[in-house]
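Student: Output the structure for:
(one chain, ligands or ions: 3)
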Amino acid sequence: MALVTTTEMFKKAYEGGYAIGAFNVNNMEIIQGITEGAKEVNAPLILQVSSGARKYANHTYLVKLVEAAIIETNLPIALHLDHGDTFELCKSCIDGGFTSVMIDGSHHSFEDNIALTKQVVDYAHAHGVVVEGELGRLAGIEDAVNVSAEDASYTNPAQVEEFVAKTGVDSLAIAIGTSHGAYKFKPGQKPQLRFDILKEVEKRLPGFPIVLHGASSVIPEFVEMINAHGGKMPDAIGIPEDMLREAAKMAVCKINIDSDLRLAMTATIRKYFDENPSHFDPRQYLSPARAAIKDMVKRKIVNVLGCDGKA
Ligand code: G3H
Ligand code: 13P
Ligand code: ZN
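Tutor: Ligands and ions are numbered 1, 2, ... in the order given. The predicted model follows:
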């Protein structure tokens, strides 16, 4: 099987009341852990690459590793650019074999966001590639850009029809209270998502796939494990898994998860070194780290996404 676009995946997900997991990838062990987990529960996948990941691991290595994962698993997998910020970056990923790109124009004015997104859509569609746009601004850290809670803004549902009609995007990321990274809510704060905004967007764009970024749940067990083995993470609160499951039953067809994989991997490696201080063979500590990613992905597919058995 070759890489697929998200078109068919999203159509089935929308109709079936589930979402596809979009997991960030940076190296071989992460790609193996994610794809082996998805294989065990027979789930379709989106593997996404940020510009930071592309700089870290190199475009060709990542494409070839994902191609290898398809050969090994035979799963439907889309390869997606996460948070593309320029036309040139999107073009480079389209030319280099990605099947989906995000152009994140959410930092621009509405008009400039439309112009930039349309430029990417025109090029992508001419090359058989699908495009995710974004309206509204999430708080948190993405690719070294730190958006403070004050600068974050919910998506205005009154803008979505015009944005989709003028740009031709295939899916739309919206801001309803999720945020990037491990510190989404302050200790004592009650996590909340604006389901009213999601419902209004769904009403205005019937059948259209919606995307949620910043959807890690920051599972306390892993933060505690990091701190039990020499780490110093402050209290971290994420998005409750049951809220995300509700969103997946609605118009949300793609849910982005990165931080939960990072936490699982880091916690496992810290524990390993604590218990085996004399070991220095990377295969010894990367094997349990890869297994932790696999378990986390299975957990997300079953508890949050509901796409098990849908490959
Ligand atoms: O939204 C950002 C993703 O978690 C990717 O993070 O830019 O550090 O690779 P990164
Ligand atoms: P988290 O930091 O919540 O995992 O979000 C990841 C993301 O949105 C990638 O684009
Ligand atoms: Zn994101």
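Student: other SSEs contacting the longest strand seen in the chain?
Tutor: Among the segments of the chain that qualify as a strand by DSSP state E, the longest is strand 77-84. Where contact means 3 or more C-beta pairs under 8 Å, 6 or more residues apart in numbering; DSSP states H and E, strand 77-84 is packed against strand 20-24, strand 45-49, helix 51-57, helix 59-73, helix 87-95, strand 100-103. Every residue, glycine included, has its C-beta placed from N, CA and C.
Student: rerun that using 7 Å as the cut-off
Tutor: Judged by 3 or more C-beta pairs under 7 Å, 6 or more residues apart in numbering; DSSP states H and E, the packing partners of strand 77-84 are strand 45-49, helix 59-73, helix 87-95, strand 100-103.
Student: For Ile237, give me phi and psi.
Tutor: When read as degrees, to the nearest 10, the backbone of Ile237 gives phi -130, psi 130.
Student: residues contacting it?
Tutor: For Ile237, the contact set (C-beta atoms under 7 Å, 6 or more residues apart in numbering) comprises 184-185, 187, 189, 191, 218.
Student: coming back round to it: buried deepest among the helices and strands packed on strand 77-84, which one?
Tutor: Mean neighbour counts were taken over the helices and strands packed on strand 77-84 using mean count of other C-beta atoms under 10 Å, and the top value, a mean of 28, falls to strand 100-103.
Student: for ligand 1, what are the nearby residues on the stretch 151-300 of the chain?
Tutor: Neighbours of ligand 1 within the stretch 151-300 of the chain, by C-beta under 6 Å from any ligand atom: 180, 258.
Student: Apply 8 Å and report the result again.
Tutor: Proximity of the stretch 151-300 of the chain to ligand 1, by C-beta under 8 Å from any ligand atom, involves residues 180-181, 213-214, 256, 258-259.
Student: Just give the closest residue to Gln119, not the sequence neighbours.
Tutor: Nearest non-adjacent residue to Gln119, counting by C-beta to C-beta, 6 or more residues apart in numbering: Phe87, 5.2 Å away.
Student: tell me the pLDDT at the one you found?
Tutor: Looking at Phe87, its pLDDT is 98.
Student: Ile174 now?
Tutor: Ile174 is given a pLDDT of 98.
Student: and the helices and strands packed on strand 77-84 as CSV, adding distance to His229?
Tutor: Formatted as CSV, these follow (distance: least, C-beta to C-beta, whole Å):
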stretch, distance to His229
strand 45-49, 29
helix 59-73, 29
helix 87-95, 37
strand 100-103, 35
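Student: Mind checking these for the one nearest to ligand 1?
Tutor: strand 45-49 (8.0 Å; C-beta to the nearest ligand atom).
Student: re earlier: just the buried subset of the contacts of Ile237, please.
Tutor: Among these, the ones that count as buried by 16 or more other C-beta atoms under 10 Å are 184-185, 218.
Student: can you give me phi and psi for the residue in the stretch 151-300 of the chain positioned nearest to ligand 1?
Tutor: Closest approach between the stretch 151-300 of the chain and ligand 1, counting by C-beta to the nearest ligand atom: Asp258, at 3.4 Å. Main-chain torsions, Asp258, degrees, to the nearest 10: phi -130, psi -50.
Student: Find the nearest non-adjacent residue to it, please.
Tutor: The nearest residue in space to Asp258 (C-beta to C-beta, 6+ apart) is Asn24, at 3.8 Å.
Student: how many neighbours does that neighbour have?
Tutor: By the criterion of other C-beta atoms under 10 Å, Asn24 has 20 neighbours.
Student: show me what contacts it?
Tutor: 48, 50, 53, 82, 258, 261.
Student: Apply 8 Å and report the result again.
Tutor: 30, 48-50, 53, 82, 256-258, 261 (C-beta atoms under 8 Å, 6 or more residues apart in numbering).
Student: cool, Met225 as well?
Tutor: Contacts of Met225 (C-beta under 8 Å, 6+ apart): 267-268, 270-271.
Student: repeat for Thr6
Tutor: 20, 46, 78, 80, 99-100, 130, 170-171, 209, 253-254.
Student: Going by distance to Met9, which of the residues you listed wins?
Tutor: Ile20 (5.2 Å; C-beta to C-beta).
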